[in-house]
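Student: coords below, sequence missing:
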């Protein structure tokens, strides 16, 4: 029974895909309506955790280098954010609110997880667009900047984080690109299959989620 539940076969892929759509649709509606907003802000870290569990489970080539990628990206993403919050020199002056959950050094642990998820799904998507190592890394980093442009207004509105300045600093996007490019190089260098039937679907779901929240 447990083996069947943990299968990465097509039936479970369909179930996981429907679950991801349902989670993100519920998130849009829950954050939109004032009566449910506080609850869904509270649920945001759990949404991220469940999304990570689903997407990482369906990688078809789970080997040591795959897990090295997840752990390294999590830790690098988390500690670059710690440096960013503490110094203001990387992204600009900003601070995290309570929405993303438990913090260490003033940064939510879920931020490291978010870096790992986004690098992974944009990396797999960029692999479909070019056979060149450096072009793939550049495209993946560009996708990350597009995501950040969509995320920022939502993050500010729902207290994921707040900027000290009225306008988001340009260096935030430049730093986001450079850091993402570095992490995409690591993603490309590490030898695992990078084959996940849900990755591009999740990227589309994530983009639709943030576009919807920007429009409503």
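Tutor: Structure's in. What do you need? Predicted model, so just to flag it, every value in this text is computed and none were measured. Numbers count the residues shown, from 1 in each chain.
Student: hmm, which helix or strand of the chain has the shakiest average pLDDT?
Tutor: Lowest by mean pLDDT, DSSP states H and E among the helices and strands of the chain is helix 2-5, with a mean of 53.
Student: What are the contacting residues of stretch 111-123?
Tutor: Contact with stretch 111-123 is made by 48-49, 51-52, 55-56, 69-70, 73-78, 81, 96, 100, 136, 140, 143-144, 147, 180, 183-184, 187-188, 194, 196, 199-200, 202-203, 206, as judged by C-beta atoms under 8 Å, 6 or more residues apart in numbering. Yep, even glycine has a C-beta here, placed from its N, CA and C like the rest.
Student: Looking at these, which are in strands?
Tutor: Judged by DSSP state E, the contacts of stretch 111-123 include residue 96 as members of strands.
Student: Filter the contacts of stretch 111-123 down to the buried ones.
Tutor: Buried subset of the contacts of stretch 111-123 (neighbour count, 16 or more other C-beta atoms under 10 Å): 48, 51-52, 55-56, 69-70, 73-74, 76-78, 81, 96, 100, 136, 140, 143-144, 147, 180, 183-184, 187-188, 194, 196, 199, 202-203, 206.
Student: So which of these sit within helices?
Tutor: Among the buried ones among the contacts of stretch 111-123, the residues falling in helices (DSSP state H) are 48, 51-52, 55-56, 69-70, 73-74, 76-78, 81, 136, 140, 143-144, 147, 180, 183-184, 187-188, 199, 202-203, 206.
Student: pLDDT below threshold where in this protein?
Tutor: 1-6 (pLDDT under 70).
Student: can we see that at 90?
Tutor: 1-10, 61, 165-166, 216 (pLDDT under 90).
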